[in-house]
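Engineer: Have a look at this fold, sequence not included:
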């Protein structure tokens, strides 16, 4: 339990910060990871501290652009063009008074307080930027998470992950190619059952469920764009496999039950309580003996933290997450903070860790903005208190379901339909507003709406 041992003394309303030695240069705050929490953090710190010269804010990320991770399933299904939603880190840095350093975190010299960042190569494997050492006074780890295959035989070789934009785009292209090949075979054969497209998604969490629904929507749209031989329900078969007793385990059971009903109404096969034991190039094998034919398998069945955090000497849990105190500081190094998916943060109300959700990363980033101000002033740091606002699951154009944690009624409130869809869309707009401000967010919303009126409903190339 989090309330035992090393956390007993930290569960107060503040914690003491160790002051850095006096220096003539600005305090250097380095944030590793430009996901939802990391990018919101450097944007606000740049506007508040970097602009005034009170601190030097540096963002480090292996990619050159940012896309809100909850949108990746839409990219994989082809219902979203990432080029219209990606944000260039270097442009955001220019607008908001922070510095961007591209490269992967390779190591950490905690004694000399230096971050080792890898070289950046072009498409021909020629170096663009060399390996570098970036000194820090305060380090914030926000490197997110990657897919966890749990050592299942054949998973790493035959399943596809959607952790990045490039991976999501690869999934989309594979789906289109499979549909085109099947269309050709159906056109050449008089037997309508000669060939089908079999898509298998492993993992019944939010990503897996939302991807399954988006793929069904894509299948229906493709039939309107030239794939007339394909019946979107009969010829494109989608299966969702979950090892647990039900899908969406973090959500209330009534939400999971309703979502299962909606998926089955879309002719999506939902298999629960059946663990995947092996993956092959054309099949998924489960513990119950099921053999699911698969032209493409997407793994959405769990996360882990990039391996680098296990090599830098910080205490981590079984998933590789950095164990932090309620101030989000590493329990062994007060100069290092962690937030989001890569942080194991206590949640006293449940005795568990804060769940790896976008809303948690957003709340933690907001707290760390205040923490950095107080740290520079040599004051005590605030303690993080997670507030669960509920969860929303989008089934694309078909429906949206979820629950809100109602403060007024003191319980979880189920929502569905248009209102739920509106709230789901507002989550992304809140992220945009944190990065760009209200006016630009509104202008971008209008621009996206106009673009949708002149573009195909799915990306077709």
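Structural biologist: Okay, I see it. It should be emphasised that the depicted structure is a prediction, and the values quoted were computed from it without experimental measurement.
Engineer: what about the strands in the stretch 351-461 of the chain?
Structural biologist: 352-353, 381-382, 390-394, 400-406, 411-416 (DSSP state E, counting those that start in this stretch).
Engineer: partners of the first one, with directions?
Structural biologist: Put plainly, it is strand 352-353. Paired with strand 352-353 in the same sheet, following DSSP bridges, are strand 346-347 (antiparallel).
Engineer: avg pLDDT for the strand it pairs with?
Structural biologist: Mean pLDDT, computed over strand 346-347, is 94.
Engineer: Check the offset of it from the chain's centre.
Structural biologist: For strand 346-347, the gap between its own C-alpha mean and the chain's C-alpha mean amounts to 20 Å (CA atoms, centre = their mean, to the nearest Å).
Engineer: Residue ranges of each domain in this structure, please.
Structural biologist: Domain assignment for the chain by automatic domain parsing gives 5-145+305-382, 155-299, 390-451.
Engineer: Based on its surroundings, how many neighbours for the closest residue to residue 308 other than its chain neighbours?
Structural biologist: Distances taken as CB to CB, 6 or more residues apart in numbering put residue 105 closest to residue 308, at 5.5 Å, once the chain neighbours are dropped. Using the backbone N, CA and C atoms, a C-beta is placed for each residue, glycine as well. Applying the criterion other CB atoms under 10 Å, we find 22 residues in the vicinity of residue 105.
Engineer: Hmm, residue 115 and residue 105 touching each other?
Structural biologist: Yes. Here residue 105 lies in contact with residue 115, judged by CB atoms under 8 Å, at a distance of 6.5 Å.
Engineer: Spit out the residues that contact those two alike.
Structural biologist: Among the neighbours of residue 105, those also in contact with residue 115 (CB atoms under 8 Å, 6 or more residues apart in numbering) are 32, 60.
Engineer: ok so, going back, can you tell me which of the strands of the stretch 351-461 of the chain the model trusts least?
Structural biologist: Ranked by mean pLDDT, the strands of the stretch 351-461 of the chain end with strand 411-416 at the bottom, a mean of 56.
Engineer: where does residue 424 land on pLDDT?
Structural biologist: At residue 424 the predicted local confidence, pLDDT, stands at 68.
Engineer: Next, the buried residues of stretch 130-140.
Structural biologist: Within stretch 130-140, the residues that count as buried by 16 or more other CB atoms under 10 Å are 132, 134, 136, 137, 138, 139, 140.
Engineer: which outside residues touch it?
Structural biologist: When contacts are taken as CB under 8 Å, 6+ apart, the neighbours of stretch 130-140 outside the stretch itself are 20, 23, 27-32, 38, 41, 58, 60, 101, 103, 106, 108-109, 112-119, 335-339, 368, 372, 375.
Engineer: go with 7 Å
Structural biologist: Stretch 130-140 is contacted by residues 20, 27-31, 41, 58, 60, 101, 103, 113-119, 335-337, 339, 368, 372, 375 when judged by CB atoms under 7 Å, 6 or more residues apart in numbering.
Engineer: These, buried ones only, as a PyMOL selection?
Structural biologist: Selecting the buried subset of these in PyMOL, with 16+ other CB under 10 Å as the burial test, is done by:
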select buried, resi 20+27+28+29+30+31+41+58+60+101+103+113+114+115+116+117+118+335+336+337+339+368+372+375
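Engineer: residues in contact with residue 80?
Structural biologist: Applying CB under 7 Å, 6+ apart to residue 80 gives the contacts 71, 74.
Engineer: okay, it: pLDDT?
Structural biologist: Residue-level confidence at residue 80 comes out at 85, pLDDT.
Engineer: From the chain's centre, how far out is stretch 378-385? Work that out for me.
Structural biologist: Computed by CA atoms, centre = their mean, the chain-centroid distance of stretch 378-385 equals 27 Å.
Engineer: Buried ones in it, by neighbour count?
Structural biologist: Under the neighbour-count criterion of 16+ other CB under 10 Å, stretch 378-385 has 380, 381, 382, 383, 384 buried.
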